[in-house]
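Q: Need coordinates for the following:
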Amino acid sequence: MLTATCKAAPNIAVVKYWGKRDEQLILPVNDSISGTLSTDELSAKTSITADPTFTEDKMWLNGTEVTIWDNDRLKNCIEYLKKIAQEKLADKSILNYKLHICSENDFPTAAGLASSAAGYACFVYTLATLYGLENEELTGIARLGSGSACRSIYGGFVQWKSGELADGSDSIAVQIAPASHWPEMHVLILVVSDERKKVGSTVGMRLATETSELLNYRRNHCVPKHVEEITRAILNRDFPTFGEITMRESNQFHAICLDTYPPMIYMNDQSHCVSHFIHKYNEKAGEVKAAYTFDAGANACVYLLESEVAKFVSYLNAYFPNNIATNDEYIRGIPVQVNSLNESEIQSFGVVAPLAKNAFKYIIHTKVGEGPQRLDDSESLLTSDGNPKNLKS
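A: Purely as a prediction, here's the structure:
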């Protein structure tokens, strides 16, 4: 019996991926850039056991058994990894062993929080670790599971290159800078909704590619410029530039969603209140101190530096009061020292409080992290006989 357990985090794009030039190989129409979050606060965890006594491949996702071979994306990842292992391994007998796979994540699935990116990155990294291939190029394989998963194979700031070749061999992710390059970069996730989005990303991208007139303009004119500028901002640790491009990218992405026919609307009233609040916050500060970005969902992800977190959350609580704000579960992850604003501070902000009440289910405070990691076997999700420890009845 061989076993491996690993965890990986979602990533939050600052230059957006939206639209495919090849749906089967999951090849994007443009480059994208993201920050990979810390696994300490948000992660997918996967355990895989290979054993000659297993009679069939099995998989459990969040405690429920699922069928592996009905999922083409999962099947493609397994087959490509086995192909590499066939070339690299001296002892190939393990490749004939059936697999038991157990995966769990600790954040909402399909709510615009990149759960598939974390899940597939973790799966590919774990299976590669099991086969002793963790140092191979894995981003192209993770891409076959979920496009943005290729960016979660690395920590820090990562660029996914769209590539030009028809076979997708040049569509891989590369690290721009590790998390240690800019350790002050933190992220607040304002969870407005943990419900599944009405239009899934795969369908949404197909519709946008087929019908949006703005998508081609963005791909040809906006993205190359934004990639160059934000890469330079990351390397120079220039937050105002980083933040402005991040927000412009988010706005463009949702403009394309509205330009799609029929239109797709992922942001809601609370989302728009958050973006308005952040622009006012930056206006009061005299420069960009916080930057919102919205993926295909209503939840806001806010990039900001560690030194700004306490002040930002204090203002956030004043303008988005919540009945459970004093509950320990309201602000999760890295602790935040929240202060109450006095009346003059609220009045000087230039916006009438509150903007919205009980807008957030909870807030997650995390930071840019180091990427996937192997865990000790004692943390396995599988028992010694290869069955899940946490099984839903």
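Q: buried residues in stretch 158-176?
A: Applying a neighbour-count criterion of 16 or more other CB atoms under 10 Å, one finds Val158, Gln159, Trp160, Lys161, Ser162, Gly163, Gly168, Ser171, Ile172, Ala173, Gln175, Ile176 buried in stretch 158-176. Yep, even glycine has a C-beta here, placed from its N, CA and C like the rest.
Q: Give the burial count for Gly350, as a bare number.
A: Other residues within reach of Gly350, judged by other CB atoms under 10 Å, total 9.
Q: pretty sure it contacts Lys280?
A: Yes: using CB atoms under 8 Å, Gly350 makes contact with Lys280 at a distance of 6.1 Å.
Q: hang on, the earlier thing: turn the buried residues of stretch 158-176 into CSV, columns for distance to Arg151, secondary structure and pLDDT.
A: Formatted as CSV, these follow (distance: CB to CB, whole Å; DSSP: H, G, I helix; E, B strand; the rest coil; pLDDT from 0 to 100):
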residue, distance to Arg151, secondary structure, pLDDT
Val158, 4, strand, 98
Gln159, 8, strand, 98
Trp160, 5, strand, 98
Lys161, 11, coil, 98
Ser162, 13, coil, 97
Gly163, 14, coil, 97
Gly168, 15, coil, 97
Ser171, 12, coil, 98
Ile172, 10, coil, 98
Ala173, 5, strand, 98
Gln175, 9, strand, 98
Ile176, 10, strand, 98
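Q: Taking those, tell me the two that lie furthest apart.
A: Greatest spatial distance among the buried residues of stretch 158-176 (CB to CB): Gly168 and Ile176, at 21.0 Å.
Q: Looking at the buried residues of stretch 158-176, which one is closest to Asp22?
A: Among the buried residues of stretch 158-176, Gly168 lies closest to Asp22 (CB to CB), at 6.7 Å.
Q: doesn't Ala356 fall inside a strand?
A: No: under DSSP: H, G, I helix; E, B strand; the rest coil, Ala356 falls outside any strand and is assigned coil.
Q: where's it relative to Val191, distance?
A: To Val191, Ala356 is 14 Å away according to CB to CB, to the nearest Å.
Q: who has more neighbours, these two?
A: Applying other CB under 10 Å to Ala356 and Val191 shows that Val191 carries more neighbours, namely 21 against 17.
Q: Which residues are in contact with the closest residue to Leu341 other than its chain neighbours?
A: Counting by CB to CB, 6 or more residues apart in numbering, Ala318 is the residue found nearest to Leu341 once chain neighbours are left out, at 4.6 Å. By CB atoms under 8 Å, 6 or more residues apart in numbering, the contact set of Ala318 is Ser340, Leu341, Glu345, Ile346, Ala353, Pro354.
Q: OK, contacts around the third one?
A: This means Glu345. By CB under 8 Å, 6+ apart, Glu345 lies in contact with Ala318.
Q: One more pass at 7 Å, please.
A: Under the criterion of CB atoms under 7 Å, 6 or more residues apart in numbering, Glu345 has no neighbours.
Q: and the helix or strand where it lies, how far from the chain's centre?
A: Using DSSP states H and E, Glu345 sits in helix 343-348. Chain-centre distance of helix 343-348: 36 Å, with CA atoms, centre = their mean, to the nearest Å.
Q: Against which helices or strands is the helix or strand following it packed?
A: Once helix 343-348 ends, the next helix or strand along the chain (criterion: DSSP H and E) is strand 362-367. Strand 362-367 sits against strand 185-191, strand 331-333, with contacts defined as 3 or more CB pairs under 7 Å, 6 or more residues apart in numbering; DSSP states H and E.
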